[in-house]
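>>> give me the fold of what follows.
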Amino acid sequence: MIYISLLRGINVSGQKKIQMAELKSLYESLGFENVTTYIQSGNVVFSSEEIDELKLAKLISDKIREVLGYNVSIIIRSKIEWEKLIADNPFSKRENFDVKKMHVTLITEQPTMIGGDIFDRVKYDSEEYVIGERHIYLYFPEGYGQTKLSNNYIENKLKVSATTRNWNTVMKLSELAGR
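From the prediction side, this is the model:
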C-alpha cells in the first residue's frame, strides 16, 4: 500500500533538523519501499505492506527517537485517503479559487470537540474553514502568515497532534504517490 507521511515540526527555526537523505535512509531501514521525500518539512511517500497507520507512525517515530533523539509526531494517510481529501476540497470548486490561499491541517484523530465557536472567535471574517473527518480545509485570503487559526492554535484547542500543508504541497504529494 502507498502512504504519505507528514512529520510535525522538523527543520523549523533550526529545531529538530533532519536532512531528507537521512530521513529517506531511516524509512528504508524500516523496510519501507519506494521512499521519496519532498521538501525539507518532512513529507515522505513510501510503500509498506502494513495496513495499520498508527502502527506505522509509531514505528517511524520510535526510529527517529532512537537514531536522532527527537520526539516527532507523525501523521500518515493512505494514497486512497489522500485522493479523497483532494476530491472533497470544498474550496477548489469555486471560480475564484486561489491555490496560494488554500491549506489543509491534518490531525491524528477525530477530536471529541471541534469547530464552531472555538475557530469563529479568532478567525478573520474573510477566512473560511471546513472540518473533515481527520483534517480541516483552510482558506485564508490574507495568507497563512496572517491567520490566528495556526497549527498550534488548532492543536491546543482540539487536543490533538496536527500538521498543516499548503495546497501545492498536497497536490505534489498526490503526484508523487501516483508514481
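>>> and the strands in the chain?
Using DSSP state E, the strands of the chain run over 2-7, 33-38, 43-47, 74-78, 102-107, 128-131, 135-139, 162-166.
>>> got these as TSV, with distance to R94 and mean pLDDT columns?
Backbone N, C-alpha and C define where each C-beta goes, glycine included. Below are the strands of the chain laid out as TSV (distance: least, C-beta to C-beta, whole Å; pLDDT from 0 to 100):
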stretch	distance to R94	mean pLDDT
strand 2-7	25	96
strand 33-38	26	96
strand 43-47	26	96
strand 74-78	24	96
strand 102-107	10	95
strand 128-131	10	89
strand 135-139	9	94
strand 162-166	17	94
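>>> show me what the nearest residue to Y144 once chain neighbours are set aside is bridged to.
The shortest distance from Y144 to any non-neighbouring residue, by C-beta to C-beta, 6 or more residues apart in numbering, is to H103 (5.7 Å). Taking DSSP bridges as the rule, H103 bridges to L138, N166.
>>> dump the strands of the chain to a markdown table, plus mean neighbour count and distance to E155.
Listed next are these as a markdown table, based on neighbours: other C-beta atoms under 10 Å; distance: least, C-beta to C-beta, whole Å:
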| stretch | mean neighbour count | distance to E155 |
| --- | --- | --- |
| strand 2-7 | 22 | 14 |
| strand 33-38 | 16 | 23 |
| strand 43-47 | 22 | 19 |
| strand 74-78 | 20 | 12 |
| strand 102-107 | 23 | 8 |
| strand 128-131 | 17 | 15 |
| strand 135-139 | 22 | 11 |
| strand 162-166 | 22 | 5 |
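>>> nearest to F91, out of the ones you listed?
strand 135-139 (4.8 Å; C-beta to C-beta).
>>> outline the domain layout of this structure.
Domain segmentation of the chain under automatic domain parsing yields 2-81, 84-178.
>>> thought K79 was touching M1?
Yes. Counting by C-beta atoms under 8 Å, M1 is a contact partner of K79 at 7.4 Å.
>>> compare these two (neighbour count), which wins?
Just comparing K79 and M1: by other C-beta atoms under 10 Å the higher neighbour count belongs to K79, 19 against 13.
>>> just the helices in the protein please.
All helices of the chain, identified by DSSP state H, fall at 20-29, 53-68, 79-87, 117-120, 151-158, 167-178.
>>> least reliable of those by average pLDDT, please.
When the helices of the chain are compared by mean pLDDT, helix 117-120 comes last with a mean of 79.
>>> understood, closing this out.
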